[in-house]
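Student: Sequence and predicted model, in that order:
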Amino acid sequence: QSSQISFSPSLTDDRVACLNRLGVARYTKVWLTWEEPWWRSDPGRPFIICVDEGDTHMSSIMCEDVSSPSEFVLEACLAGSDADAFDTDPQRGLAAVLTR
């Protein structure tokens, strides 16, 4: 089994260049429950997206409202250094993300 992926027909040079720029990062999903749906103050925004681009990393958090009639829940998808911090120490990592 080869570790190479081949495409037929072959990809154009610009598409190969785009694929070569893609990186790999850790991804973690967390569900946050709240007593009140504070994020619903702007009804036209179903998602909350935060991006932090540092000198040596880029991290992002995307939250989606996945509430039920009985509880208010945000599903947070952590990527990059935010996911690393959460996986290392969930309470401290999440607190750092939520308080920046």
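Tutor: Perfect, I can see it now.

Student: for the chain, where's the lowest mean pLDDT among helices and strands?
Tutor: In the chain, no helix or strand scores lower on mean pLDDT, DSSP states H and E than strand 47-53, which sits at a mean of 63.

Student: pLDDT of the helix or strand encompassing Asp82, averaged?
Tutor: In this assignment (DSSP states H and E), Asp82 forms part of helix 81-88. If you average the pLDDT over helix 81-88, you get 81.

Student: Alpha carbons of it, as CSV, please.
Tutor: The C-alpha coordinates for helix 81-88 follow below in CSV (Å, rounded to 0.1, in the frame of the first residue of the first chain):
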residue,chain,number,x,y,z
SER,A,81,-3.7,25.3,20.3
ASP,A,82,-7.1,25.7,22.0
ALA,A,83,-7.8,22.0,21.5
ASP,A,84,-4.3,21.1,22.7
ALA,A,85,-4.8,23.2,25.9
PHE,A,86,-8.2,21.6,26.5
ASP,A,87,-7.0,18.1,26.0
THR,A,88,-4.1,18.7,28.4
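
Student: in that helix, what counts as buried?
Tutor: By neighbour count on 16 or more other Cβ atoms under 10 Å, the buried set for helix 81-88 is 81-86. For glycine as for every other residue, the C-beta is placed from the backbone atoms N, C-alpha and C.

Student: so where's this protein shaky on pLDDT?
Tutor: Residues of the chain meeting the criterion pLDDT under 70: 1-3, 23-24, 42-60, 96-100.
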